[in-house]
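[1] return atomic coordinates for the entry below.
(one chain, ligands or ions: 1)
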Amino acid sequence: MSTTKSARAVALATLIRVWRDGSYSNISLNNSFRSSDLSQTDRNFTTRLVYGTIQEKIYLEFQLQDLVKTKLKEDYLWPLLLMSAYQLLFMDKVPNRAVLNEANILAKQFGKPHSTGFKIVNGILRALLRRGRVLPQVTAPDYLVVKESMPVWLVQYLVDHWGAERAASILASVNEPAKNTVRISQLVSATEVVTALNDLGFAPCESQMTAQEVVLDHGGISDSELFKEGKLTIQDEAASLAVSAFNFTGDEEVLDACSAPGGKTIQLAEQLSAGRVTALDIHQNKLRLVQKSSQRMNVASKVKTQKMDARFAKEVFQPGQFDKILVDAPCSGLGLLRRKPEIRYNKSLADLTKLQKVQLAILNQVSSLLNDKGELVYSTCTFTVEEDEYVVQAFLSDNPQFKLQPFETGKIAAPNGMVKILPDEYGSDGFFIAKFVVRG
Ligand SMILES: C[S@@+](CC[C@H](N)C(=O)[O-])C[C@H]1O[C@@H](n2cnc3c(N)ncnc32)[C@H](O)[C@@H]1O
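    Have a look, this model is predicted:
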């Protein structure tokens, strides 16, 4: 059995699980890898195949829909067709013959005994190759939906808020591969880490957004000693800007109201020489990730985790107890479309207003724990106005003692106290940050 063939079998089993059981692609893929002995090259191939097929599902379905002339009775058939079409249409280096041969073998492997599924798959894939790609007319309402494989509501949302041209740019950009970005710990010499990254062949380049981050020319950094020793961590450039929006003195009491998995908790703790970060999360199991990362990044002594629903934080903490409060709120995560391909299919417009209520409840609650000279930062990894600007407006109207505070973070200025980074601007995650202080 060729190694690529078993990689495809792992990819197909993963896709079946993701679509049949609604499992997350990254978790499902990691489980698949644990029970297989694929090489790193095969894992990379499998990962690209799984993420790519999920990302391009709407596009691929449009390519196949007219070619399917019979009812597909077995569970594996549609995922196998989509996955094979993805290879034919998006993976230039994979020969068509290999895709057809492997699809034939997989159909026999995944089909019931005596199934003729392999003939159906073969017929449809050959018809696809004969006919080639199709797209709706450029002027048709579903043109961007199909071209960028994005649900109708989300395309409409982007067009309504940013116009057709910018929407097209955002959509195209989130279908590009994510950059490999790392944040260098503030506790080590950045020059030494950059030299070490160069020596390891990662060709680091300083981020356009912040001097704390470097962009690597390939992945795999988590296997390095630099990562294991906590000299750097994997973090998106835009995501790192929430913490650098604060002005630290170094001895603050900090509340990280929604902390897991802990990327920003570590960054907060790195700023402190004397103070402490109290890291809350509603899920106990996720707090273990915060503890693990804090240990790896050598800041565990400055981090105290506590399981708590931040909407009830006043029951436990004192008014004015904290100097800095970060609310990196639970959100739709649409800014992460590039890294989490299935987000596009499992969020809806209704989710945005539900999330807004939780975001506002957390902000309203924890803001009373801030002292008069303190700073409050609200951030989300999304671009929807419902979760960003509308939450800010509602918070200020409920809490007139607060005002937006202009700030600079990394290489970015927010003169009106808010910054929204769309994913096509720097090729980072989409991100929103607002900074508040108590009126003097
Ligand atoms: C966007 S993530 C935070 C990411 C984190 N700040 C980081 O940088 O790694 C939001 C987190 O909020 C948590 N959460 C959701 N509802 C919450 C609540 N009511 N109180 C506290 N945490 C909550 C989720 O479990 C999730 O871990």
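
[2] helices along the stretch 151-300 of the chain, start to end?
    Ranges of helices in the stretch 151-300 of the chain, per DSSP state H, counting those that start in this stretch, are 152-174, 190-199, 225-228, 263-270, 284-296.

[3] report the angle between the last one and helix 263-270.
    Put simply, helix 284-296 runs at 40 degrees to helix 263-270, going by axes from the mean of the first three to the mean of the last three CA atoms, to 10 degrees.

[4] now what about whatever helix or strand comes next after helix 284-296, what contacts it?
    Sequence-wise, the next helix or strand downstream of helix 284-296 (DSSP states H and E) is strand 303-307. Residues from elsewhere that reach strand 303-307, judged by CB atoms under 8 Å, 6 or more residues apart in numbering: 259, 265-266, 269, 276-284, 287, 290-291, 294, 316. For every residue, glycine as well, the C-beta is placed using N, CA and C.

[5] ok, stretch 285-294 next?
    Counting by CB under 8 Å, 6+ apart, 233, 259-263, 265-266, 269, 279, 281, 300, 302-303, 305-307 sit against stretch 285-294.

[6] residue contacts, the most centrally placed residue in the chain?
    What sits nearest the mean C-alpha location of the chain, by CA atoms, centre = their mean, is L336, with 3.4 Å. Each residue near L336 by CB under 8 Å, 6+ apart is listed here: I343, C381, D429, G430.

[7] ok, the closest residue to the second one other than its chain neighbours - contacts?
    Of all residues beyond its chain neighbours, the one nearest C381 is G335 (4.3 Å), with distances taken as CB to CB, 6 or more residues apart in numbering. Applying CB under 8 Å, 6+ apart, we find G335 in contact with A238, T380, C381, T382, F383, I421, P423, D429, G430, F431, F432.

[8] pLDDT score assigned to G335?
    We have a pLDDT of 97 for G335.

[9] wasn't it part of a strand?
    No. Counting by DSSP: H, G, I helix; E, B strand; the rest coil, G335 is not found in a strand; it is helix.

[10] how close does it sit to the ligand?
    With distances taken as CB to the nearest ligand atom, to the nearest Å, G335 is found 10 Å from the ligand.

[11] ditto for L89
    Distance from L89 to the ligand, by CB to the nearest ligand atom: 34 Å.

[12] try S224
    Taking CB to the nearest ligand atom, one finds S224 at 21 Å from the ligand.

[13] ditto for C331
    C331 sits 6 Å away from the ligand, going by CB to the nearest ligand atom.

[14] go on, Q267?
    8 Å.

[15] you'd agree that residue is up against V243?
    Yes. At 4.2 Å, Q267 counts as touching V243 under the criterion of CB atoms under 8 Å.

[16] between the two, which one's more packed in?
    A direct count of neighbours by other CB atoms under 10 Å for Q267 and V243 places V243 higher, at 29 against 26.

[17] re earlier: for N364, find the nearest of the helices of the stretch 151-300 of the chain.
    With CB to CB as the measure, helix 263-270 is the member of those nearest N364 (20.7 Å).

[18] other residues contacting that closest one?
    183, 185-187, 233, 235, 239-240, 242-244, 246, 254, 256, 259, 277, 279, 290, 293-294, 297, 299, 302-303, 324, 326, 328.

[19] give me the subset of those touching the ligand.
    S259, D328 (CB under 6 Å from any ligand atom).

[20] filter the contacts of stretch 285-294 down to the buried ones, PyMOL style.
    Buried subset of these, written as a PyMOL selection, criterion 16 or more other CB atoms under 10 Å:
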select buried, resi 233+259+260+262+263+265+266+269+279+281+300+302+303+305
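
[21] quick check: the residue of the stretch 51-200 of the chain nearest the ligand.
    In the stretch 51-200 of the chain, the residue that lies nearest the ligand is R183 (11.0 Å; CB to the nearest ligand atom).

[22] residues contacting that residue?
    Per CB under 8 Å, 6+ apart, neighbours of R183: Q212, E213, L232, T233, I234, Q235, S240, Q267.

[23] and the pLDDT for it?
    Looking at R183, its pLDDT stands at 98.

[24] list the beta-bridge partners for it.
    Listed by DSSP bridges, the beta-bridge partners for R183 are E213, T233.

[25] how far away is it from S273?
    Applying CB to CB, to the nearest Å, the value for R183 to S273 is 19 Å.

[26] now N371: which helix or strand?
    Per DSSP H and E, N371 falls inside strand 370-380.

[27] so which elements touch that strand?
    strand 322-328, helix 349-367, helix 389-398, strand 431-438 (3 or more CB pairs under 8 Å, 6 or more residues apart in numbering; DSSP states H and E).

[28] how about a markdown table for those, with mean pLDDT and mean neighbour count added?
    Formatted as a markdown table, these follow (pLDDT from 0 to 100; neighbours: other CB atoms under 10 Å):
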| stretch | mean pLDDT | mean neighbour count |
| --- | --- | --- |
| strand 322-328 | 98 | 25 |
| helix 349-367 | 97 | 18 |
| helix 389-398 | 98 | 16 |
| strand 431-438 | 98 | 24 |
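
[29] returning to what we had before: could you measure from the residue of the stretch 51-200 of the chain closest to the ligand over to L72?
    On the measure of CB to CB, R183 and L72 end up 46 Å apart.

[30] can you check A103 too?
    From A103 to L72 the distance is 14 Å (CB to CB).

[31] which ones are touching V134?
    Contacts of V134 by CB under 8 Å, 6+ apart are F62, Q63, D66.

[32] so which of those residues is the most crowded?
    Ranking the contacts of V134 using other CB under 10 Å puts Q63 first, with 22 neighbours.

[33] wait, which of the contacts of V134 is closest to M91?
    Nearest member of the contacts of V134 to M91, counting by CB to CB, is Q63, at 14.3 Å.
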